[in-house]
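[1] Quick check, what structure comes out for this input:
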Amino acid sequence: MSRADFAPWQRRVYEQAVAALDSGRMGHALLLCGPAGLGKRAVAEALAQYVLCQAREGGQPCGRCRSCQLFGVRAQRDPVETRPDGSLAQPHGHSAHPDLVFVGYEWRLKPTPPRMRTEIVIEQMRQLSERLEVSAGFESRVALVEPADAVNYQAWNAILKTLEEPLPGRYLWLVCASPARLPATIRSRCQRLEMRLPPRGEALAWLHGQGHAAAAAAEALEAARGHPGLADAWLRGDGLALRRQVAADLGAIAGGRADPLETAQRWSGGEDADERLRHAAEHAVSEAAGLTDPARLHKLAAWFDTANRARDLLRSTVRADLVMADLLLAWRDAARGGSGASGQARGDNR
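    You can find the predicted model right below:
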């Protein structure tokens with residue numbers, strides 16, 4: 001994505017960062033955070049090109065120097081990114097510039113078949129630290145870690161010295177949606193740059209500019225709770241239809257018209273399991289709107305948290321159908337006013 005294609009909220013963050021860089025107010029370590037799907041990665045790459053450019057002008061890279069030419073060459077492999085719904089996206093080619101370093105999810109080749117790692121491990125961060133210590137081909141070197149909230153605790157220890165004692169012209173930028181998951185020792189050493197959800201009018205105007213009809217854009221934006229990237233993804237696919245199906249399934253379970261275990265099997269059987277859980281969590285929020293019963297509100301809030309934790313479990317080795325079964329049994333029990341039967345579906349299968 002070029003800077004000319006930036007959404008207004010991306011352009012604001014980019015210009016803020018460029019102003020800080022030009023005035024010397026930006027340090028070597030940056031934490032670029034905000035909801036997934038707003039385009040943080042694209043902004044980080046544009047900033048990296050600006051930093052590495054040899055003849056930048058007017059807040060923009062020149063596009064002509066040797067560094068800019070190298071920046072336009074795309075690599076074949078890329079750290080895996082996250083979609084707006086938090087699931088893993090397939091890799092696409094990133095810049096092959098020798099002084100731009102990417103760290104992200106990697107493939108675990110053994111045991112077979114290959115599987116995508118669900119965290120960034122210590123070996124990756126050690127290699128990153130080593131690359132930031134060697135001489136750069138140009139004056140600067142930029143490292144992007146995304147998603148930084150997937151770096152495990154041991155791996156952070158491998159980069160602490162680099163954060164505390166940076167070499168001149170070295171930049172380490174952490175890109176993530178959940179900065180609270182980063183250790184306090186890491187957050188405290190980074191300058192924070194936050195990308196927020198835009199005002200509703202701005203989001204709607206952007207969705208219209210993407211070619212979506214006004215009524216559909218308004219419905220999708222409302223369903224996405226003001227997130228234009230997520231609304232756009234749903235409008236381009238079947239996200240809204242899936243949302244309605246999830247609501248219907250939960251209503252049927254609560255009314256005793258559907259079996260939670262059968263529904264769990266269906267929910268876990270495709271590639272949209274994570275998106276179903278996101279819709280389910282948002283359904284609980286919608287159910288809570290306007291309620292005054294403290295007990296019911298407490299149950300919905302607890303189930304909302306459980307649904308979001310289930311999304312994390314889907315990225316682990318726990319069986320997806322068991323995760324879904326526990327969640328939907330808890331939904332049925334909460335609807336009946338019971339104390340919950342979570343764990344009934346697990347039995348001794350773990």
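[2] The strand ranked longest in the chain pairs with which strands?
    Longest strand in the chain by number of residues (criterion: DSSP state E): strand 170-176. In the sheet, strand 170-176 lines up against strand 29-33 (parallel), strand 141-145 (parallel) (DSSP bridges).
[3] Please state the offset of it from the chain centre?
    15 Å (C-alpha atoms, centre = their mean, to the nearest Å).
[4] As PDB, could you dump the C-alpha coordinates of that strand?
    The C-alpha coordinates for strand 170-176 follow below in PDB (Å, rounded to 0.1, in the frame of the first residue of the first chain):
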ATOM      1  CA  ARG A 170      19.200   1.500  14.700                       C
ATOM      2  CA  TYR A 171      15.400   1.400  15.100                       C
ATOM      3  CA  LEU A 172      13.300  -1.300  16.700                       C
ATOM      4  CA  TRP A 173       9.500  -1.000  16.100                       C
ATOM      5  CA  LEU A 174       7.000  -3.200  17.800                       C
ATOM      6  CA  VAL A 175       3.600  -3.600  16.100                       C
ATOM      7  CA  CYS A 176       0.700  -5.100  18.000                       C
END
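[5] tell me the average confidence for the next helix or strand after that strand?
    As assigned by DSSP states H and E, the chain's next helix or strand after strand 170-176 is helix 184-187. For helix 184-187, mean pLDDT is 94.
[6] what do you get for stretch 5-20?
    Stretch 5-20 comes out at a mean pLDDT of 95.
[7] Can you say which of the strands paired with strand 170-176 is packed in most?
    Greatest average neighbour count among the strands paired with strand 170-176 goes to strand 141-145 (a mean of 25), per mean count of other C-beta atoms under 10 Å. The way it works is simple: take the backbone N, C-alpha and C, and place the C-beta from them, glycine included.
[8] now do the same end-to-end measure for stretch 185-201.
    38 Å (C-alpha to C-alpha, to the nearest Å).
[9] buried sites along that stretch?
    186, 187, 189, 190, 193, 195, 197, 198 (16 or more other C-beta atoms under 10 Å).
[10] same check, this time on stretch 117-133
    For stretch 117-133, by 16+ other C-beta under 10 Å, it's 117, 120, 121, 122, 124, 125, 128, 129, 131, 132.
[11] With distance to residue 268 and secondary structure added, can I get the residues you listed in a markdown table?
    Shown next, in a markdown table, are the buried residues of stretch 117-133 (distance: C-beta to C-beta, whole Å; DSSP: H, G, I helix; E, B strand; the rest coil):
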| residue | distance to residue 268 | secondary structure |
| --- | --- | --- |
| 117 | 21 | coil |
| 120 | 26 | strand |
| 121 | 27 | coil |
| 122 | 31 | helix |
| 124 | 30 | helix |
| 125 | 33 | helix |
| 128 | 35 | helix |
| 129 | 39 | helix |
| 131 | 39 | helix |
| 132 | 41 | helix |
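[12] ok, these vs residue 73, which is closest?
    Nearest to residue 73 among the buried residues of stretch 117-133: residue 131, at 18.2 Å, using C-beta to C-beta.
[13] Give the closest residue to residue 202 in space, chain neighbours not counted.
    In this structure, residue 202 finds its nearest non-sequential neighbour in residue 8, 5.6 Å apart by C-beta to C-beta, 6 or more residues apart in numbering.
[14] Quick check: that neighbour touching residue 198?
    Yes - counting by C-beta atoms under 8 Å, residue 198 is a contact partner of residue 8 at 6.4 Å.
[15] can you list residues touching both of the two?
    residue 206 (C-beta atoms under 8 Å, 6 or more residues apart in numbering).
[16] that older thread, which members of the buried residues of stretch 185-201 are positioned in strands?
    Those of the buried residues of stretch 185-201 lying in strands (DSSP E): residue 193.
[17] Now the two most distant members of the buried residues of stretch 185-201.
    Top of the distance list for those (C-beta to C-beta): 189 and 198, 29.1 Å.
[18] Quick one: residues in contact with stretch 55-75.
    Residues contacting stretch 55-75 (C-beta under 8 Å, 6+ apart): 3, 15, 18-19, 22, 48-50, 52-54, 93-100, 138.
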